[in-house]
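Participant: What shape does this take:
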Amino acid sequence: MTALSGQAEYDLYGPSVIADPYPTYHAMRAAGPLVRVGRVWYVTTYALADKVFKDQSFGRGEQYIALIHDALGPGPLFDSLSRWILFLDPPDHTRIRSLVMRAFTPRAVSRLRAMIQAMVDELVDQLVDGIDRRREADFLRDFAYPLPVQVICGLLGVPADDREDFKTWSADLGRGLQIATATPEIVRRGNVAAAKLGEYFRGLIDERRASPGDGFLDDLIAAEYQGGSLSEEELLATVLLIFFAGHETTVNLMGNGLVSLLRARGEWEALCADPALARPAVEEMLRFDTPVQRASRVALEDVELAGQRVLAGDMVDVIIGGANRDPGQFPDPDRFMISRADGPHLSFAAGPHYCAGATLARVEAEIAMATLARRCPGLALASEELTFRPNVILRGLESVPVICPAA
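Facilitator: Got it, this is the predicted structure:
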């Protein structure tokens, strides 16, 4: 273990870690499985990350909510985040998660496959048409963003005409999650985004109360009335979380993942030769350039971790992106290989906070990659000059320009 006085020893939030965080993660792992930088413990290895995620000695706790409040102050952003199941411990986490999971069981998601395939086919048509007309297209703008937005908005019953403003709101909300670098301007924009999204979904909920249907949102509204399973504010926060998490990370999964595939040209060609490889390809996309790079926990009691005494209330930051590049778990970890059989990655976390929407994200990405491989085998990056958005937690690109000579 290495204890350092500040963050200067490792670039944890600067431009270099945004462009490519993995050299920093490797350097931290070389210092030990648990590295203390300032007041935060960083978990650097796969085995220790898996342990922390599953150990009930670590959770969110009241201190974590207090930290969010200290960083963001009062306002719509804090009011919403403080009720997200991501930041709750049992019993509230268990109660709300059980309601959310109804929409994301494998059986429920399998019923969406035909709808997702139809959306993918239409978006591929538009992508190819855009390349034909403009010689290139932005994969993020023309495909990776609209697909999960359409899926999650369909799940929540959001009308198609109402979806355009969501992109800016989501980006501003996402930057607000990175509380360590939350400037007044980031907080201001996050509060505006949370207020706008809250206003929109409150109106949508009121409409569905007045004219109920049989969708997932109607189930959540019913839970509000059935034995107080969900308060009105919990309902609103949960809907906002489902909307945000249901598309933001999936956009990054497909954007980061396609870039990784196209750069490892032999892997892309293997997928084109056998689109059934889409499933393992998506798992490698998730591992190789993880959409959610870090996840914080609080020690709920004094505990020994990797031979170090971690005190109750200490912050423990699990570096998921680093754990997924741990050579102790994944040999030759910086090589993209869809034929890996090294065991599961931690991109959806593990334990009680395992991502509720993991099944849906996988299905969307699998259908998308298989369809692209079948229809656009000539797909290639139009430029190697790619820029990542300034967020070290939610890793995603600004744009992904592509060409397809054979389109």
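
Participant: In contact with D334: list those residues for me.
Facilitator: 22, 325 (CB atoms under 8 Å, 6 or more residues apart in numbering). C-beta coordinates here come from the backbone N, C-alpha and C atoms, glycine included.

Participant: How much space separates it from N324?
Facilitator: 11 Å (CB to CB, to the nearest Å).

Participant: next one: T45
Facilitator: Counting by CB to CB - T45 and N324 are separated by 11 Å.

Participant: what's the answer for R202, then?
Facilitator: Taken as CB to CB, the span from R202 to N324 is 38 Å.

Participant: What helix or strand is V124 located in?
Facilitator: Following DSSP states H and E, one finds V124 within helix 113-134.

Participant: which strands and helices sit next to the next helix or strand after that helix?
Facilitator: Downstream of helix 113-134, the first helix or strand assigned by DSSP H and E is strand 137-138. Helices and strands touching strand 137-138, by 3 or more CB pairs under 8 Å, 6 or more residues apart in numbering; DSSP states H and E, are helix 113-134, strand 401-403.

Participant: now, of these, which is deepest in the fold?
Facilitator: strand 401-403 (a mean of 20; mean count of other CB atoms under 10 Å).

Participant: and that one, which strands flank it?
Facilitator: strand 137-138 (antiparallel), strand 380-381 (antiparallel) (DSSP bridges).

Participant: how much space between the closest residue to L277 other than its chain neighbours and W169?
Facilitator: Excluding the flanking residues, the one nearest L277 by CB to CB, 6 or more residues apart in numbering is L271, at 5.1 Å. L271 sits at a distance of 34 Å from W169 (criterion: CB to CB).

Participant: One more: E185?
Facilitator: 16 Å.

Participant: ok, these two, which is more surrounded?
Facilitator: Remark: of E185 and W169, W169 carries more neighbours, 21 against 9, as counted by other CB atoms under 10 Å.

Participant: Kindly indicate whether that one is helix, strand or coil.
Facilitator: Assigned state for W169: helix (three-state reduction, DSSP: H, G, I helix; E, B strand; the rest coil).

Participant: Go ahead and confirm it touches A193.
Facilitator: Yes - with contact defined as CB atoms under 8 Å, W169 counts as touching A193 (4.1 Å).

Participant: wait, doesn't S399 sit right on D138?
Facilitator: Yes - S399 is within contact range of D138, at 4.8 Å (criterion: CB under 8 Å).

Participant: So between these two, which is more surrounded?
Facilitator: D138 (20 against 14).

Participant: Just give the number of residues close to Y10.
Facilitator: For Y10, using other CB under 10 Å, the count is 19.

Participant: doesn't R36 make contact with it?
Facilitator: No - with contact defined as CB under 8 Å, Y10 does not reach R36; the gap is 11.1 Å.

Participant: just so I have it, where are all the strands in the chain?
Facilitator: 2-4, 34-37, 40-43, 58-59, 137-138, 294-299, 303-305, 308-310, 315-319, 380-381, 401-403 (DSSP state E).

Participant: between the ones you listed, which gets nearest to L261?
Facilitator: Of all the strands of the chain, strand 380-381 sits nearest to L261, with 10.2 Å by CB to CB.

Participant: Return the distance of the closest one from the chain's centre.
Facilitator: 24 Å (CA atoms, centre = their mean, to the nearest Å).

Participant: what do you get for stretch 17-32?
Facilitator: 20 Å.

Participant: Of all the residues in it, which ones are buried?
Facilitator: 17-18, 21-22, 24-26, 28-29, 31-32 (16 or more other CB atoms under 10 Å).

Participant: next one: stretch 246-256
Facilitator: Buried, per 16+ other CB under 10 Å, within stretch 246-256: 246-256.

Participant: Just send the strands of the chain back as JSON lines, with mean pLDDT and distance to R95 too.
Facilitator: Shown next, in JSON lines, are the strands of the chain (pLDDT from 0 to 100; distance: least, CB to CB, whole Å):
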{"stretch": "strand 2-4", "mean pLDDT": "46", "distance to R95": "39"}
{"stretch": "strand 34-37", "mean pLDDT": "94", "distance to R95": "32"}
{"stretch": "strand 40-43", "mean pLDDT": "96", "distance to R95": "28"}
{"stretch": "strand 58-59", "mean pLDDT": "92", "distance to R95": "15"}
{"stretch": "strand 137-138", "mean pLDDT": "94", "distance to R95": "41"}
{"stretch": "strand 294-299", "mean pLDDT": "93", "distance to R95": "20"}
{"stretch": "strand 303-305", "mean pLDDT": "96", "distance to R95": "26"}
{"stretch": "strand 308-310", "mean pLDDT": "95", "distance to R95": "28"}
{"stretch": "strand 315-319", "mean pLDDT": "96", "distance to R95": "24"}
{"stretch": "strand 380-381", "mean pLDDT": "96", "distance to R95": "45"}
{"stretch": "strand 401-403", "mean pLDDT": "95", "distance to R95": "44"}
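
Participant: I'd like these laid out as a markdown table, including distance to R389.
Facilitator: Output for the strands of the chain, formatted as a markdown table (distance: least, CB to CB, whole Å):
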| stretch | distance to R389 |
| --- | --- |
| strand 2-4 | 27 |
| strand 34-37 | 23 |
| strand 40-43 | 22 |
| strand 58-59 | 28 |
| strand 137-138 | 14 |
| strand 294-299 | 15 |
| strand 303-305 | 32 |
| strand 308-310 | 32 |
| strand 315-319 | 19 |
| strand 380-381 | 18 |
| strand 401-403 | 16 |
